[in-house]
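# Sharing a sequence plus its predicted fold:
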Amino acid sequence: MALHLTDDAEADALLTKNPLALLIGMLLDQQVAMEVAFAGPLKIEQRIGSVDAETIANCDADDFVAAFKETPAVHRFPGSMAARVQTLCRTLVDEWGGDASAIWTEGDPDGKTVLKRLKSLPGFGEQKAKIFLALLGKQCGFEGDGWSEASAPYGEKGSFRSVADITSPETLLQVRETKRAAKAAAKRASS
């Protein structure tokens, strides 16, 4: 299945074919627009030559930060996010043989197991791990038992809560509206 998470066909193609690119996009998805975060892996590939865990893990840290800072920047916080991406890639090399997809394929895992594996990654807390698991289940063909329950509420069918629900420009707008409404409700509740 082809992913449509950015406004860039080349970036979406990379996310569709490269599990590490998708995982990095999820890691970058904080304090920037979702499309900017998920377009980040293509910028990395264009600037360092590949989106490969070993290549990124072994890249000189200063060179990698410089690649993040090139215009347009990969992220609004290029230094800290470059370090996070390298740390994630080092973890993947050390614990998963550099294969990001092994997190959700090795040993035919169920949803709870994949959630636990995702939460053990640097930069992946509970919410980010659940959203990524929902993305795997809703759009990437992951069929492990209980994935929808483990990713709740993001795995819910017909919802527009997160990047897991974006399949078109229209659904992107629906996700944005849901997030805006949730923020407004939270603000009212805290007043």
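Right, received. Where do you want to start?

# Just the CA coordinates for whichever strand or helix holds residue 118, please, in PDB.
Using DSSP states H and E, residue 118 sits within helix 111-119. The C-alpha trace of helix 111-119 is given here as PDB (Å, rounded to 0.1, in the frame of the first residue of the first chain):
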ATOM      1  CA  GLY A 111       0.400  -5.800  18.900                       C
ATOM      2  CA  LYS A 112       1.400  -5.700  22.500                       C
ATOM      3  CA  THR A 113       4.900  -7.000  21.700                       C
ATOM      4  CA  VAL A 114       5.400  -4.400  18.900                       C
ATOM      5  CA  LEU A 115       4.200  -1.600  21.200                       C
ATOM      6  CA  LYS A 116       6.700  -2.700  23.800                       C
ATOM      7  CA  ARG A 117       9.500  -2.900  21.200                       C
ATOM      8  CA  LEU A 118       8.600   0.600  19.900                       C
ATOM      9  CA  LYS A 119       8.500   2.100  23.400                       C
END
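
# Assign the closest residue to residue 48 other than its chain neighbours to one of the three secondary structure states.
What sits nearest to residue 48 in space, not counting adjacent residues and going by Cβ to Cβ, 6 or more residues apart in numbering, is residue 67, at 5.4 Å. All C-beta spots, glycine's among them, are computed from the backbone N, C-alpha and C. Secondary structure state of residue 67, per DSSP: H, G, I helix; E, B strand; the rest coil, is helix.

# can you count the residues close to residue 67?
By the criterion of other Cβ atoms under 10 Å, residue 67 has 20 neighbours.

# Same check on the one 10 residues further on?
The number of residues packed around residue 77, counting by other Cβ under 10 Å, is 16.

# from what I can see it touches residue 31, true?
Yes - using Cβ atoms under 8 Å, residue 77 is in contact with residue 31, at 6.9 Å.

# Need the pLDDT of residue 121.
Residue 121 is assigned a pLDDT of 98 by the prediction.

# Quick check on it: phi, psi?
Here is the backbone geometry of residue 121 (degrees, to the nearest 10): phi -80, psi 140.

# Report how many residues lie close to it.
Neighbour count for residue 121, taken as other Cβ under 10 Å: 22.

# now swap in residue 65 and tell me
18.

# Which residue, other than its chain neighbours, is closest to it?
residue 82 (4.5 Å).

# check which helix or strand covers the one you found.
Secondary structure from DSSP H and E places residue 82 in helix 78-96.

# So which elements touch that helix?
helix 19-28, helix 53-58, helix 61-69 (3 or more Cβ pairs under 8 Å, 6 or more residues apart in numbering; DSSP states H and E).

# Try it again at 10 Å.
helix 19-28, helix 34-48, helix 53-58, helix 61-69, helix 102-105 (3 or more Cβ pairs under 10 Å, 6 or more residues apart in numbering; DSSP states H and E).
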